[in-house]
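1. Sequence plus predicted model, see below.
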Amino acid sequence: MLSGRSFRCTYAVFGLLIVALLLTPPSAVGQGGEPRSFAIRGAKVVPVSGPPMESANVILSHGIITAVGKDAPLPPEAWVVEGKGLTVYPGLVDAFTDVGIPPAPPAGGEGQGPRRATEPARGPEDRPSSTPWRSGADEVSLTDRRIETWRSAGFTTVVSAPKGGFFPGQAAVLDLDGERAGELVVKSPVAIPVSLQVGDRFGSGFPSSLMGVLAYVHQVWLDTDWSTKAQAIYEKNPRGVERPRYDRTVAALADALEDHALVLIPGNNSIQLRRALELVDRWHVTGVLYGGQMAYEVAPEIAAKKIPVLVSLKWPEAEKDADPEDQPSLRTLRFRDLAPSSPAALSKAGVKFAFYSSGIAAPKDILKAAKKAIDAGLGPDEALRALTLSSAEIFNVADRLGSIESGKIANLVIADGDLFEEKTKIKMVFVDGRRYEIREPEKPKEPPKGDITGKWKLSYTTPEGAEESVAELTMEKDGTLSGTISGKRGTTSVISGYLSVDKFSFTINLVLDQGATDITFSGTFDGISLKGSIAVLGLSLDFTGVKPTKDSSAAATVLGGAQ
Amino acid sequence: VKISFTYFLRSQRRRIVCLTYLLGICYLPCAVAANPPDAPRVILIQNATILTVSHGTIEHGSILIKDGKIAEVGSSVKAPKDAQIIDAAGQFVIPGIIDCHSHIAVDGSVNEGSVSVSSMANIAEVLNPDDPDIYRDLAGGVTSANVLHGSANAIGGQTVVIKLRWGQPASRLPFEGALPGIKFALGENPKRSNFRIQSQPQRYPATRMGVEETIRAAFTEARDYKKAWDEHNKRVAAGQKNLIPPRHDLRLEPLVEVLEGKRYVHSHCYREDEILMLLRVAKEFGFKVRTFQHVLEGYKVADEIAAAGAGASTFSDWWAYKVEAYDAIPYNAALMTRHGVVVSINSDDSEEATHLNQEAAKSMKFGGLSHEEALKLVTLNPAMQLGIDKRVGTIDVGKDADLTIYNHDPLSAYAVVQKTLIDGRVYFDRQHDIAERADREKEKKALIDKQKKAAEKKAEEKKPEARKPDATVTIGQKPAEKKSQEKKPEEKKPEEKPKPPSGAVTQDSKVTTLQLSVSGGAL
């Protein structure tokens, strides 16, 4: 995504740029001025692979860390970042997610599929809900806004896989930087995630129970093994032998296994974790468990098998709209209480583990969740390792990322203090040696005058013609805005916004033809209506907003027709 | 059963629960799998009335347990010095109750109901040792249970016999050495012509004829599959190389085990005609039916069942809850027993399992079974049906110390379980349980309060707060060498709104950021 590369320059150049922009589609803008060489000077450096260094330099060149140390010389061509008061960490790694991979398009036929297209799956041979050929690497899309939000929270790297089904696809290691989707890929495939969730398969036939899913997955691994062997024997002497049939599911799995892909097996509570340990043996694969939140009960057993664990940071808690009369069991209560102590238990038992975001929607909550593990007994250095080097080690990419070492990919997070302190702010992120400054959501400077909360009908004219959309805004006491905007281009949430005295501004992000695009509405609120301009892709469009009940025929005017 | 019988039971549950409370067998709402109880190596249960089931009743008797096995039984057993004493004065000891038809301790659905032959699914892989029903059933004196797949399909999933070792991991639940089973189902549940499962499409079979054909087709496939493997193995043994082996088929392998006598068939059934049908199919393919489950019309074909060597596991007095149960009578168990069938009374339900002793007692009223014969219905007979009678089912030297201690005669309505032992460990102790309830409630309340507070704190944090000034990052060129042409980036001050460029469209800071962002690397 281009938008993250915010960069300051003089206004004169800026003015020119706007002209240039209006003439050139943004996606065609080539790469220029950003230096390829940086020197972070005199910062506290936490390499993770070694002890922290006070007042050290980190030198980056062409995407690689070229030197680290107190006396590392600053190359003449390097742009210097003053590191005083700042701490430099390796870029954080989210060890299992689908960031960067938009939800699957309705797939055309899964697995082998049923014998007749309309039939529900009648057994394992129909390969229900299986798409192991989907490659996370090939499905990366820069339109995924989370690439930026994750990066802004310090995550330079994710292990991402498509979602959905028992064999959703193949995971790839992605760096959250690139002009084109493919450039994000660091390594692929690194893992085959397996899901045992029956989910909402109502009416879709086999399997419809956990034991059915297990039987299915067993059969797929057996078939994968058989198919590889049978094909090899057949190739030697096909004459007079019935040919082994091609099967997309097992062919994809066999290929991935040949590429040394790990198999990710779910296990969150102690029953699932113990079962997952048995599955690793039964399937004869190099297994990694994911979930791990009840590891406080089974850590020594996991350690005995020497199997790594990806720990979900989405700690269990009461459902928000739970029936207050419905008392959870003591076992559930204990689980909620003790889950964050699992990382400490794994660490004590000597299990290699890494953190992943699981269902956490706001990436800033990931570090908060990791802090909970620290509060429950995990050493802060171990927590940091679980967010950096351990992930890299588990996915066999520690030779290129995960720590601040000379020769590794220049993925760094620069913060103004300890990463796990709540007041700490991430100031800058380097991904593949490219610098990203962190945008802070805007806050109002002055208290608001009036209340902008409510439903607004917004009218404006784009180069494509007159349009309307509906904004539902909610204002906090201090003027901070949140809410949604819906129109013919979709519904999206307000990223940030405020009302300061009578001046408002709110920003949304929409996927337009040019990719994910910020759109900012700003102007004046007179207590009854909104009036201002929309800034989008270098255009400025006038708009008016009224409460939907009123007549909104007042036509909007076109100002910024760029085309 | 689960499909219809459980529905029926649910409607009856209110009545049953009230009855249960009256009898003093309480539900334990906050039961938690504690660590397995410590097992002293040697235990002596003394002063008890011992109902051995195999060799009569011993008054004021003692049972010596060593390393989980019964070492001595009699009226004059001497306590070794290191023995832990359980004084059972005025109490009754019976062999632990065995439930030949249970659906407890299963993680997820008990039915893989999507297909008519779901033999690839295996209950043993989805045991849930945290299911509170294990504890509830222990509190009802049950020590072993035959955990079955549901009855949604003609050939259901693989089944497993467990011991109710509450607090132990799933891998410790299966009854060591017990032969695994497979669930079959005949009649309404697999054919589904009189009801529709919302979430599932209609599927074959829809008649009893179709159920028979489904079983025959599956065993025909299994026979071919076995043949293919046998031939392959023969050719490999003969030294042939580069042979493509047959593909492993997890659906057919359990059926081959049935053909080879390595897996028991437990078949859900109601009507006499379908019972005879399965016996004919089994004879044709050369396998045995180990037990008929429910078998409510079994009294009509008891001789045929006995001749086939099959067991019958039935209910005490449930009937008329669906058409195929109209001909059921409470004399079923007694009549089949009199005709030489090994009969057990099962629960098919976690609540029913808490009072199987009473269910067995009903056969004394209906059909006139003796005290011992009635007791056998829930101890020795199910053990025989499950092939575990060498290990459990009676109180005899050498057998597992799986024992239930009651305060009254277990076939009395006043009997309440005091202790349940498995492998010589006390897994349920009524006094203990009552004593611990207050502590559990206290812990529960403390955790609820703690979690409520945490949630409130979190909500608090979400509220806006005053902003503190940010530290700034300075970016600059290294001054010494290259000063000349390049633009010097300015300091980043997020809060400062830049002035609009001269003459350009109205800008506020957001717009500026956007424009700059889009420009990206254009500089």
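-> Now that the structure is in, tell me what you want to look at. Numbers count the residues shown, from 1 in each chain, chains lettered A, B, ... in the order given.
2. contacts and neighbour counts: CA atoms only from here.
-> Will do.
3. Next up, the contacts around residue 139.
-> No chain was given, so I picked chain A. A:101-102, A:162 (CA atoms under 8 Å, 6 or more residues apart in numbering or on different chains).
4. switch to chain B, that's the one I care about
-> Residue B:139 makes contacts with B:25, B:354, B:417, B:419-420, B:428, B:430, as judged by CA under 8 Å, 6+ apart.
5. Nearest to chain A among these?
-> The closest of these to chain A turns out to be residue B:428 (CA to the nearest CA; 18.2 Å).
6. Now the closest one. Its backbone dihedrals?
-> phi -140, psi 130 (degrees, to the nearest 10).
7. Least confident of the contacts of residue A:139?
-> Lowest pLDDT within those is found at residue A:102 (84).
8. list the buried ones in stretch B:393-404?
-> Neighbour-count burial for stretch B:393-404, with 16 or more other CA atoms under 10 Å in any protein chain shown as criterion, is recorded at B:393-404.
9. how far away is residue A:306 from residue A:288?
-> According to CA to CA, to the nearest Å, residue A:306 and residue A:288 sit 10 Å apart.
10. Neighbour-wise, give me the winner out of the contacts of residue A:139.
-> Within those, neighbour counts (other CA atoms under 10 Å in any protein chain shown) peak at residue A:162, which reaches 28 neighbours.
11. List the residues that contact it.
-> Residue A:162 sits next to A:98, A:101-104, A:134-136, A:139, A:168-171 when contact means CA under 8 Å, 6+ apart.
12. Could you dump the residues you listed into CSV and include distance to residue A:378 and secondary structure?
-> Formatted as CSV, the contacts of residue A:162 follow (distance: CA to CA, whole Å; DSSP: H, G, I helix; E, B strand; the rest coil):
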residue, distance to residue A:378, secondary structure
A:98, 27, coil
A:101, 31, coil
A:102, 34, coil
A:103, 34, coil
A:104, 37, coil
A:134, 36, coil
A:135, 35, strand
A:136, 32, coil
A:139, 36, helix
A:168, 32, coil
A:169, 33, coil
A:170, 31, strand
A:171, 28, strand
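13. quick check, nearest of the residues you listed to residue B:301?
-> Nearest to residue B:301 among these, counting by CA to CA, is residue A:168 at 51.9 Å.
14. still on that earlier bit, for residue A:306 and residue A:288, indicate the residue with more neighbours.
-> Shown here are residue A:306 and residue A:288; by other CA under 10 Å, residue A:288 has more neighbours (26 against 15).
15. Mind listing the strands the helix or strand hosting the more buried one pairs with, and their directions?
-> Using DSSP states H and E, residue A:288 maps to strand A:287-291. Partners of strand A:287-291 in the sheet, by DSSP bridges, are strand A:262-267 (parallel), strand A:309-312 (parallel).
16. Helix or strand next in line after it, which one?
-> helix A:295-305.
17. quick one: stretch A:363-373 near chain B?
-> No. For stretch A:363-373 and chain B, the contact criterion (CA under 8 Å from any CA of the partner chain) is not met; the two come no nearer than 11.1 Å.
18. could you give me the average pLDDT of that stretch?
-> Taken as a whole, stretch A:363-373 has a mean pLDDT of 94.
19. Other residues contacting that stretch?
-> Counting by CA under 8 Å, 6+ apart, stretch A:363-373 makes contact with A:149-150, A:153, A:313-315, A:340-344, A:355, A:357, A:360, A:383, A:419-420, A:422, all of which sit outside it.
20. quick one on the thing from earlier: so what angle separates the directions of the strand holding residue A:288 and helix A:295-305?
-> If you take axes from the mean of the first three to the mean of the last three CA atoms, to 10 degrees, strand A:287-291 sits at 180 degrees to helix A:295-305.
21. Show the residue spans covered by the strands in the stretch 51-200 of chain A.
-> Ranges of strands within the stretch 51-200 of chain A are A:53-61, A:64-69, A:79-82, A:87-90, A:92-97, A:155-160, A:171-175, A:185-193, based on DSSP state E, counting those that start in this stretch.
22. again, but for the stretch 201-350 of chain B
-> Using DSSP E, counting those that start in this stretch, strands in the stretch 201-350 of chain B cover B:264-269, B:291-294, B:311-314, B:343-345.
23. just so I know, which of these lies nearest chain A?
-> Nearest of those (CA to the nearest CA): strand B:264-269, 18.5 Å.
24. Contacts for the closest one, please.
-> Outside strand B:264-269, the residues touching it (CA under 8 Å, 6+ apart) are B:1, B:151, B:179-187, B:258, B:275, B:288-296.
25. Now tabulate the strands of the stretch 51-200 of chain A in JSON lines and tack on mean pLDDT and distance to chain B.
-> Below are the strands of the stretch 51-200 of chain A laid out as JSON lines (pLDDT from 0 to 100; distance: least, CA to the nearest CA, whole Å):
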{"stretch": "strand A:53-61", "mean pLDDT": "97", "distance to chain B": "13"}
{"stretch": "strand A:64-69", "mean pLDDT": "97", "distance to chain B": "17"}
{"stretch": "strand A:79-82", "mean pLDDT": "92", "distance to chain B": "5"}
{"stretch": "strand A:87-90", "mean pLDDT": "98", "distance to chain B": "11"}
{"stretch": "strand A:92-97", "mean pLDDT": "98", "distance to chain B": "20"}
{"stretch": "strand A:155-160", "mean pLDDT": "98", "distance to chain B": "18"}
{"stretch": "strand A:171-175", "mean pLDDT": "98", "distance to chain B": "18"}
{"stretch": "strand A:185-193", "mean pLDDT": "98", "distance to chain B": "20"}
